[in-house]
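Student: Just a sequence and a predicted model for now, questions to come.
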Amino acid sequence: MTTTTDAHDRLHLMWLASPALPVGGFSYSEALEAAVDTGLVSDEASASQWLCDQLHLSQVRSDLAVVAQAIPAWRDDDLPRVAELNSWVLTTRETSELRQQTQQTGRSLLEWLRHLPGTGESVVAQLAFARDLPPTWPVAFALAAAQTQATVRDCVLACAFGWAENMSQAAIKSVPLGQTGGQRILARLLQDIPAAVDCAIALSDDARQAFSPMLAILSAQHESQYSRLFRS
């Protein structure tokens, strides 16, 4: 039987994964809009393949791996380790647009967490530390998820689902696609997410990497795109 604590933790993770979370994630396409503009993505099939590739080649090896490592660091109050992981995210972002995204969403998530009722003194101290870093999205997400008793795997699954839902919505708007097409893309991503999360959790520091040349090029080109729906 599921206990009250388990239910609370699961609901908290669902909350963190929600596109309605006031962090502005919906305003970014992570260069998907630029891929549409250049013709690399043109329909449901190519959008689905693009996002699956991004999940395995970018998210797994970078943000999801950092989330997996930052959660125990926050729970142990290992602030030097948190700072190390946050610095890695900042220094490995391949464009200023991607860096701005991770910093803006990270700050917004900390602000959301700061206003939650029942925030204890230890969390307040960690929030103050995080604000001075400045925070990145995966490190801020890890802090919010660390407030639960959920397993690291469940926390990373929630992070991956939040990314997948935001990106499927970005595909709907930018390709454009119908809602049903977007749901089919999300369904395909959900098939891949469990194995992707397991891979991210297993990565060591030396195995983490941020190397997505085409994604970086498209991200840099996005700012000069003639017409844009998204910030980056």
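Tutor: Received it, and whenever you're ready, just let me know what you need.

Student: For stretch 185-203, which residues meet the burial criterion?
Tutor: 185-186, 188-189, 192-193, 196-197, 200-201, 203 (16 or more other Cβ atoms under 10 Å). Where you see a C-beta, it was placed from the backbone N, CA and C, and this is true even at glycine.

Student: how far out from the middle of the chain is it?
Tutor: Put simply, stretch 185-203 sits 13 Å off its chain's centre (Cα atoms, centre = their mean, to the nearest Å).

Student: Let me see the mean pLDDT of it.
Tutor: Average pLDDT, stretch 185-203: 98.

Student: Alpha carbons of it, as PDB, please.
Tutor: Output in PDB follows, covering the C-alpha atoms of stretch 185-203 (Å, rounded to 0.1, in the frame of the first residue of the first chain):
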ATOM      1  CA  ILE A 185       6.200  12.400 -30.200                       C
ATOM      2  CA  LEU A 186       5.800  12.500 -26.400                       C
ATOM      3  CA  ALA A 187       4.900   8.800 -26.400                       C
ATOM      4  CA  ARG A 188       8.000   7.900 -28.300                       C
ATOM      5  CA  LEU A 189      10.200   9.900 -25.900                       C
ATOM      6  CA  LEU A 190       8.500   8.200 -23.000                       C
ATOM      7  CA  GLN A 191       9.600   4.800 -24.500                       C
ATOM      8  CA  ASP A 192      13.200   6.000 -24.400                       C
ATOM      9  CA  ILE A 193      13.300   7.900 -21.100                       C
ATOM     10  CA  PRO A 194      13.700   5.000 -18.600                       C
ATOM     11  CA  ALA A 195      16.800   3.600 -20.300                       C
ATOM     12  CA  ALA A 196      18.100   7.100 -20.900                       C
ATOM     13  CA  VAL A 197      17.800   7.900 -17.200                       C
ATOM     14  CA  ASP A 198      19.500   4.700 -16.200                       C
ATOM     15  CA  CYS A 199      22.400   5.700 -18.500                       C
ATOM     16  CA  ALA A 200      22.600   9.200 -17.000                       C
ATOM     17  CA  ILE A 201      22.700   7.900 -13.500                       C
ATOM     18  CA  ALA A 202      25.500   5.500 -14.300                       C
ATOM     19  CA  LEU A 203      27.700   8.200 -15.800                       C
END
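
Student: I would like the residues contacting that stretch, please.
Tutor: Under the contact criterion Cβ atoms under 8 Å, 6 or more residues apart in numbering, stretch 185-203 has outside partners 44, 47-48, 51-52, 55-56, 59-61, 64-65, 67-68, 152-153, 156-157, 160-161, 164-165, 167-168, 171, 177.

Student: Same question for the most centrally placed residue in the chain, what's its three-state structure.
Tutor: Nearest to the mean C-alpha position of the chain, counting by Cα atoms, centre = their mean, stands Trp163 at 5.1 Å. Secondary structure assignment for Trp163 (DSSP: H, G, I helix; E, B strand; the rest coil): helix.
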